[in-house]
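Student: Please find the sequence and the predicted model below.
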Number of protein chains: 2
Amino acid sequence: MKSAIPETGVPITQPAAGNGSDRQEISLHGEVLLRLRDYVVEGNIPEGARVPERQLCEMLGISRTPLREALKVLAAEGLIELLPNRGARVRQLSQRDLAELFDVMAGLESLAGRLACEAITDEEIAAIERLHYEMYGHYLHRDMHGYFQTNQQIHESIVAAARNETLTTTYANFAGRIRRVRYSANFARKRQRWAEAMREHEAILDALRRRAGSELSDILFAHLRNKRSAAIEHLAEGPDSAQEAPPQGS
Amino acid sequence: MKSAIPETGVPITQPAAGNGSDRQEISLHGEVLLRLRDYVVEGNIPEGARVPERQLCEMLGISRTPLREALKVLAAEGLIELLPNRGARVRQLSQRDLAELFDVMAGLESLAGRLACEAITDEEIAAIERLHYEMYGHYLHRDMHGYFQTNQQIHESIVAAARNETLTTTYANFAGRIRRVRYSANFARKRQRWAEAMREHEAILDALRRRAGSELSDILFAHLRNKRSAAIEHLAEGPDSAQEAPPQGS
DNA sequence: AATACAAAAAATGAATGCAAAATAGCCAGC
DNA sequence: GCTGGCTATTTTGCATTCATTTTTTGTATT
């Protein structure tokens, strides 16, 4: 195969001009950045694959200048790697990188929980409770996908309740970095871990109701730590999806 | 005054070529990025000031292309703002932004403490103890500057002991964003707060010795929260250093 | 046949050029 | 005297171009 990235060939439309989205980004560069980030996060480029600029330019229908600007930003965000004179590669996360990322995520959520306890309203808690019961339903029905989504919504709600834009942005950034892995990090076959996670979520909700910041912080950290273990073990055993790039060299 | 940025006119020297530094960045872009970041963090450009690209180009002795790439990255890092078609400005941190940043820093240090307890060696603790006593000396001698520096070293040591590169990088990023403010956020005249901070540091050291992760996490968060309050009150009252840009416009 | 070397092709890094937008400067009008 | 609109200059955004560096391809030699 010649091309590392699949054909999608949807060039960037007219930048702003009354599209329904709330994006205030109107510059071409901003548009490219959003598009490219999504493109990478969604896993359209194999890990570690070299991505010729020209090809991306053609795909997006732009010249190299704004593309290169976007690449530098993505590199700063940690999504891709920029080897000098050797182009951009999708960053390959080692197991250690992953462990680190999970821990930072754990720290951020832990912080979010602590802050949320200071500011969360009864209505917000009620909303999270609803999500919790919805998730419980998914759990009972063994609906992994629904469970996963609702679970994510709960965590995002907690982060939102922290009322800290900076935290929200940072959290989203890190979430993007491990999103690909996260999807495969479920514990479909490990029922025991699943039940455990549900219990942890009960504890989270309980601490949140009591606005017990420090306690919630501990619980969230532990919860994410367990998630981390599950994810890493899962990867170590090798996920069934054989999409991984084979170890090249020798 | 015509020029918003002071004259320093030190163009970028030959990029790599056996300079003593350990930097592996060799590309012009990387060099520019480091230079510009330092330049902004050190406060050489007044907050909110418009910075014409041309001027920066001349200052660094480069063309606009690598400069603009660096600007995009700095904008992504949150150091500057890029208004569409209106150039780059040094980001002006509102009081709320600052509060948010301090809280995120608190969360990161809190995480660092927790992780450090899992991995820190006796030697590292001993080193931190030495720093602690050194800091105590500065406190007794009312040496604000020395105190501040040693204090920072302690916090950095804890972050380092967490053995998480990602965390270290993220921490450094946020530290850079509030560095300017941080310097003026000391409590030179508030002896009471100073004494309080010393007591908190004792508690930090104690929890670290016992490897009490959760406890240390709480203490660090509270400690940084207090620092935040001190800093924000300080700014609200108006820092004596008149280095701030006067409110321009009318 | 395999390896080493060399030249060609392609890709990257940076500079320059050009069009559009914004700022400022200026003059007319109230 | 001040405000509003029009033009000129500056500045930004992006495309194009040029110079290196890397990668590939072909050839010759062992």
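Tutor: Structure's in. What do you need?

Student: quick one: low-confidence ranges for chain A?
Tutor: Scanning chain A for pLDDT under 70 picks out A:1-26, A:182-190, A:238-250.

Student: Show me which positions of the helix or strand residue A:155 falls within end up buried.
Tutor: Using DSSP states H and E, residue A:155 maps to helix A:144-161. Under the neighbour-count criterion of 16 or more other CB atoms under 10 Å in any protein chain shown, helix A:144-161 has A:147, A:148, A:150, A:151, A:154, A:155, A:156, A:157, A:158, A:159, A:160, A:161 buried. Every residue, glycine included, has its C-beta placed from N, CA and C.

Student: now, among those, which is nearest to residue A:174?
Tutor: residue A:159 (11.0 Å; CB to CB).

Student: Quick one: residues contacting the residue nearest to that closest one when sequence neighbours are not counted.
Tutor: The shortest distance from residue A:159 to any non-neighbouring residue, by CB to CB, 6 or more residues apart in numbering or on different chains, is to residue A:112 (4.4 Å). Taking CB atoms under 8 Å, 6 or more residues apart in numbering or on different chains as the criterion, residue A:112 is in contact with A:158, A:159, A:161, A:162, A:164, A:167, A:171, A:220.

Student: Any figure for the gap between residue A:112 and residue A:203?
Tutor: Residue A:112 is 16 Å from residue A:203, where distance means CB to CB, to the nearest Å.

Student: circling back to that earlier point, list, out of the buried residues of helix A:144-161, those positioned next to DNA strand C.
Tutor: Applying CB under 7 Å from any atom of the strand to the buried residues of helix A:144-161, one finds that nothing falls near DNA strand C.

Student: Can I get those residues in JSON lines including distance to residue A:77?
Tutor: Shown next, in JSON lines, are the buried residues of helix A:144-161 (distance: CB to CB, whole Å):
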{"residue": "A:147", "distance to residue A:77": "29"}
{"residue": "A:148", "distance to residue A:77": "24"}
{"residue": "A:150", "distance to residue A:77": "27"}
{"residue": "A:151", "distance to residue A:77": "24"}
{"residue": "A:154", "distance to residue A:77": "25"}
{"residue": "A:155", "distance to residue A:77": "20"}
{"residue": "A:156", "distance to residue A:77": "19"}
{"residue": "A:157", "distance to residue A:77": "24"}
{"residue": "A:158", "distance to residue A:77": "23"}
{"residue": "A:159", "distance to residue A:77": "18"}
{"residue": "A:160", "distance to residue A:77": "21"}
{"residue": "A:161", "distance to residue A:77": "25"}
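
Student: Out of those residues, which comes closest to DNA strand C?
Tutor: residue A:160 (32.3 Å; CB to the nearest atom of the strand).

Student: That closest one reaches residue A:168, doesn't it?
Tutor: Yes. Counting by CB atoms under 8 Å, residue A:160 does reach residue A:168; the two are 6.6 Å apart.

Student: Can you mark which positions in the helix or strand that contains residue A:123 are buried?
Tutor: In the assignment (DSSP H and E), residue A:123 maps to helix A:122-140. Neighbour-count burial for helix A:122-140, counted by 16+ other CB under 10 Å, picks out A:124, A:125, A:127, A:128, A:131, A:132, A:134, A:135, A:138, A:139.
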